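Q: Provided below are the primary sequence and the corresponding predicted coordinates.
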Amino acid sequence: MKTLCVFITTYKRPELLLHLLTQIKHYGSEYKIHLIIIQDYSEDWEYDYKNCIDYLRFNFDSYHYQPQAEHKGKKKYHECINAGLEIMQGYDGYYDYFFKLDDDQQIAPGFFDDAIRQYQAIMDPRKIALTLINVGREICWTRVYRKPYFSAGYQYFFTQWVDMAFMGPPRFWRCFNYSIRKTSPSWWDKDETRGSGVYRTISKKVVSLNCNIYQVNRSLVAHGFHESKMNPEARQENDLKSIYE
C-alpha cells in the first residue's frame, strides 16, 4: 500500500474543503493517506471549520490541521506553504508521493490511481512533478512554451511550471529543503492583481536544478467555479476554469 501526503491550503471555504475531504476519503481508500491542512486566519464567525475537523477526526488516522495565527493572504502565502512543508518534512521517507491541492478544487473519480499511473508512465529520469490541472495555458512562470509529450500510451505537456494542483515524489520538496523563500515585493509593483508568486518561485527553482515538470492532457481536477479568495480581480480577467471528464 502506497503512502500519500496530501497538502491542502484553505481560507473561508469550510463547505468546499469538507466536500474535497469526502472525495479524498472515497478515492483514496486504497492508500495510506496523511493529510496536512493549513487554514489561513479569518476572524469571521460564519467560516467555521468545526465540521471539517470532526470529519478528519472520524475518517482519517493521520492528519494535521493547523490554523494560522494571523491572516497571510497572497503576499504571505509562502508562510502558509512553509507551515505545511515543515510538517511534511517530518514524514520525509515515509510517503511515496505528495499531492498539493486547494480547498476550491474537486478531484476526478480514480484521481489518485490515475495521477500516480500517469506520473510513473513518464519515461524521463529528470521528471520531478506532474501538474494535475490544465486550463489551457501555453506559457507561464518560466517563459517556456508548453509542448506535447507522449509516453507509454499517455499524452502530456512538457511545461516546466507547476500551478494550483500538482504531485510528485519526496525529492521534489527536498530540493527546497522543505522551505519556500518569500516573494519579492517588487512582484506586485507593476500589477497588484498578480497572484502570490509562490508557484512561480517553485517552478523557477525546479528548472534551475535541471529537473522537468509535466502537465496532464486532461485535467484530473475541477477548479475555478467559485470566487477567488486570494485574487478575485485576476479571476475576473482570466479564464482559469478547469473541468475533468
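A: Arrived safely. Quick caveat: nothing in here was measured; it's all calculated off a predicted structure.
Q: and the residue nearest the centre of the chain, how far from Pro185?
A: Ranked by distance to the mean C-alpha position of the chain (C-alpha atoms, centre = their mean), the top residue is Lys100 at 2.8 Å. Plainly put, Lys100 is 24 Å away from Pro185 if you go by C-beta to C-beta, to the nearest Å. C-beta: built from backbone N, CA, C; applies to glycine.
Q: Arg200 now?
A: Counting by C-beta to C-beta, the gap from Arg200 to Pro185 is 14 Å.
Q: returning to that earlier point: just checking, what packs against the helix or strand containing the residue nearest to the centre of the chain?
A: Lys100 is located in strand 97-102, with elements delineated by DSSP states H and E. With contacts defined as 3 or more C-beta pairs under 8 Å, 6 or more residues apart in numbering; DSSP states H and E, strand 97-102 has these neighbours: strand 3-10, helix 111-121, strand 166-168.
Q: what's the average pLDDT for the longest one?
A: Per-residue pLDDT values over helix 111-121 give a mean of 98.
Q: just want the angle from that helix to strand 97-102.
A: Between the axis of helix 111-121 and that of strand 97-102 there is an angle of 120 degrees, by axes from the mean of the first three to the mean of the last three C-alpha atoms, to 10 degrees.
Q: avg pLDDT for the next helix or strand after helix 111-121?
A: If you walk from helix 111-121 toward the C-terminus, the next helix or strand you reach (DSSP H and E) is strand 127-131. Averaged over strand 127-131, pLDDT sits at 98.
Q: so that it lines up with my notes, have the first residue be 56 from now on.
A: Taking 56 as the first residue, the last one we looked at is strand 182-186.
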